[in-house]
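Colleague: Whatever this is, show me its structure:
(4 chains)
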Number of protein chains: 2
Amino acid sequence: MTMKHSTTTMKDIARQAGVSVMTVSRAFKADSSVNEATRNRIREIAEDLGYVFDSTAATLRTQKTNFVAVTIPSINNANFAETVDALSDRLAEAGMQVLLAYSGYDLAKEELLIEQLLRRRPEAIVVTGGSHSDRARRMLSNAGIPVVETWDLPAHPIGHVVGFSNAATMHGMVDHLVAKGLTRIGFIGGDTEADTRGADRRRGYMAAMARHGLAADRLIDAGKPPISMREGAVAMGRLLDTLPDTQAVICVSDLTAFGALTECQRRGVRVPQDIAIAGFGAYEIAGISHPTITTIDPQCRLIGTQAAEVILQVLHPTAGQDIAPRLVHIDWQLKPAQTT
Amino acid sequence: MTMKHSTTTMKDIARQAGVSVMTVSRAFKADSSVNEATRNRIREIAEDLGYVFDSTAATLRTQKTNFVAVTIPSINNANFAETVDALSDRLAEAGMQVLLAYSGYDLAKEELLIEQLLRRRPEAIVVTGGSHSDRARRMLSNAGIPVVETWDLPAHPIGHVVGFSNAATMHGMVDHLVAKGLTRIGFIGGDTEADTRGADRRRGYMAAMARHGLAADRLIDAGKPPISMREGAVAMGRLLDTLPDTQAVICVSDLTAFGALTECQRRGVRVPQDIAIAGFGAYEIAGISHPTITTIDPQCRLIGTQAAEVILQVLHPTAGQDIAPRLVHIDWQLKPAQTT
DNA sequence: GCAAGATTTGTTATCGTTAACATATTTCCC
DNA sequence: GGGAAATATGTTAACGATAACAAATCTTGC
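Modeller: Numbers count the residues shown, from 1 in each chain, chains lettered A, B, ... in the order given. Sure, this is the predicted structure:
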């Protein structure tokens, strides 16, 4: 219980305990051979001095940081939060931590983040999506650590992949709606450039409509991602104003979809009788709103645990395991709205 | 464009450029005196070798990490996400990064996180809430860095505080409902131990009811936090089953409140005519659901920017500024539901 | 052309920890 | 009781960067 501990080091403890610094170091390692009495004495003195282990120094010497860097587009997104949560949980079991950074759906910012993260020498890096700036791709390739791209199936993966085809989910969704006899189907999404996964879904919608011989011309651009509930409501208003005969609308996310739903409720448009509403992400709200929202469950947590699994396998390969890039396909599921 | 860069260091660049390591180091610092031609040559070689600066080593030597540690209860919470986002933005302007960790509403886990974070030698640490384990408090006090407690007004602050009284917000809410002539007011919240802010709100509700001479006996325990929408719906079901004459219900968060709202809709209970619903947090859903939800806006982003401001002031005190612990009061606001 | 000052580069030591090796002490078995 | 094995501790050097100081090179004005 002294003050000014900011600078307490193993040296101080060693002096006080009358041992060498190395013995102190060993006293903190579980498996090392130190006399039990000595170890306890050292631990006590450390506690007393308010000692906090300096992992910076240890990292420099051992070249092991024991953390995995993760980039996501937004911190305020339940989908990515679940993936990160599952990832952290699984990695924590292996004694590793996650260092999280978010890009704000901006590839230039992502590039910057990746550089900053790599400077801290992570053991592996997980990025969301398969679109990155050229320099970001180069840095990732050269980093000499496992790279996992998630939430996407990039055409030219950098390293490992744990994801699904966003476009394919929209094929599934369009098929589902068409099977219900709906043909005049719209799409509410964001600015194509920024949210690459959203853009993929939009393309998937268009391709799927074409496959059914239907016009994919009921596209509402709701601005820069992420598209909020409010923007979803505004977009729905525009759709109802301009194309009132629309029978169904697919939204880029469940939050957008919920906003759209509330706009219908405000206008007295009945859902799903007058218009069906679908989203993406299997957010809690999709299953509990009244009425519920048809959605795609991308299995957020599974993406996280699988990414962790890939990392652990590649970092600690057991005999006979190849070190080839992994490509893990995540099976998304369509969850229809409850027809109560 | 060589391979195996995992170990490229300034030494390698120095050798290739025919200069000393120190010159390489200087070539990466903006203000240092290096011949422009030399600097460019070094930068080129670095790029060529795929060099990535090793901040671990720099940190050890300079004793500056340039990051602030932050703990929040949950990563999947828009309120905390906004606070962290605002905090990051402001700190980024000053060239600092945020290292985020979440405790899962578990004080034992928070203690562990705090220790792990301090080992990385942050310049400052921001924690959510004012309740911590004894050892956590001790570690924070002894850390020798600025400590900011947020989202609360602790009776015995560790260092600086940027927050508000959760109990006071509930006084405001009860007053608001009573002013509308409602007296049979319930509360849906979580397990008292785990979510200390939620517990404070619950206590605030009870005190406020007592102040009005009303019975605070319509308490529904919705389980372990965070209380989801679904749990809110279930809790509302129990309230309607057991105390159908309840006129208003305050929920521990807007998400809980929305779940409660949907349960009313499923049962044909009219909101707000039959029962009024209030929440907490000014989540987007509170303002857009149909009907909207009365809520408390705790000014999440302001908490973040103010916390950043405190940290920057304390870390770089300008002449004449005291270094006394700051106590920043955040003015929450009650946002009534729209009466359309 | 030369001293004084400015600019550029180099040398050495160091941050706090730990791997690798060396040495001292204890245990244990025949 | 002697020596091999096991246990406990110490010494040295290193991880990759940079602060502090030293030295070399270049400007500049008279």
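
Colleague: hey, let's count contacts and neighbours off CA atoms from now on
Modeller: Will do.

Colleague: Flag every residue of chain A that's near DNA strand C.
Modeller: Listed as neighbours of DNA strand C in chain A under the rule C-alpha under 7 Å from any atom of the strand: A:7, A:9-11, A:21-22, A:25-26, A:28-29, A:52-55, A:57-58, A:60-62.

Colleague: Among these, which ones are in helices?
Modeller: Using DSSP state H, the subset of the residues of chain A next to DNA strand C located in helices is A:10-11, A:21-22, A:25-26, A:28, A:55, A:57-58, A:60-62.

Colleague: Out of these, which is nearest to DNA strand D?
Modeller: DNA strand D lies nearest to A:Arg61 out of these, by C-alpha to the nearest atom of the strand, at 3.0 Å.

Colleague: and the closest one, what pLDDT?
Modeller: Listed pLDDT for A:Arg61 reads 96.

Colleague: could you measure the residue in the stretch 201-340 of chain A that DNA strand D sits nearest to against A:Asp85, distance?
Modeller: Closest residue of the stretch 201-340 of chain A to DNA strand D, C-alpha to the nearest atom of the strand: A:Leu315 (18.6 Å). Distance from A:Leu315 to A:Asp85, counting by C-alpha to C-alpha, to the nearest Å: 20 Å.

Colleague: Name only those of the residues of chain A next to DNA strand C that count as buried.
Modeller: With burial judged by 16 or more other C-alpha atoms under 10 Å in any protein chain shown, the buried subset of the residues of chain A next to DNA strand C is A:Thr9, A:Met10, A:Val21, A:Ser25, A:Val52, A:Phe53, A:Asp54, A:Ser55, A:Ala57, A:Leu60.

Colleague: can you narrow the ones in helices among the residues of chain A next to DNA strand C to ones near DNA strand D?
Modeller: Filtering these for neighbours of DNA strand D using C-alpha under 7 Å from any atom of the strand leaves A:Val21, A:Met22, A:Ala57, A:Ala58, A:Leu60, A:Arg61, A:Thr62.

Colleague: Tally up the residues packed near A:Ala30, please.
Modeller: 8 (other C-alpha atoms under 10 Å in any protein chain shown).

Colleague: just the one 5 residues further on next, same as before
Modeller: By the other C-alpha under 10 Å criterion, the neighbourhood of A:Asn35 contains 11 residues.

Colleague: residue contacts, it?
Modeller: Residues counted as contacts of A:Asn35 (C-alpha atoms under 8 Å, 6 or more residues apart in numbering or on different chains): none.

Colleague: cool, and A:Ala210?
Modeller: Counting by C-alpha under 8 Å, 6+ apart, A:Ala210 touches A:Ala216.

Colleague: which SS state does it fall under?
Modeller: Put simply, A:Ala210 is helix when judged by DSSP: H, G, I helix; E, B strand; the rest coil.

Colleague: Can you give me the pLDDT of it?
Modeller: 98.

Colleague: quick one: it and A:His329, what's the gap?
Modeller: For A:Ala210 relative to A:His329 (C-alpha to C-alpha), the value is 26 Å.

Colleague: now do A:Arg90
Modeller: Counting by C-alpha to C-alpha, the gap from A:Arg90 to A:His329 is 19 Å.

Colleague: mind listing the helices in the stretch 201-340 of chain A by residue range?
Modeller: A:229-242, A:254-267, A:284-288, A:300-315 (DSSP state H, counting those that start in this stretch).

Colleague: Tell me which of those is the most buried.
Modeller: helix A:254-267 (a mean of 25; mean count of other C-alpha atoms under 10 Å in any protein chain shown).

Colleague: That one near chain B at all?
Modeller: Yes: shown here: helix A:254-267 in contact with chain B (C-alpha under 8 Å from any C-alpha of the partner chain) through A:Gly259, A:Thr262, A:Gln265, A:Arg266.

Colleague: where does the stretch 1-150 of chain A come near DNA strand D, residue by residue?
Modeller: Residues of the stretch 1-150 of chain A lying close to DNA strand D by C-alpha under 7 Å from any atom of the strand are A:18-23, A:33-36, A:38-39, A:57-58, A:60-63.
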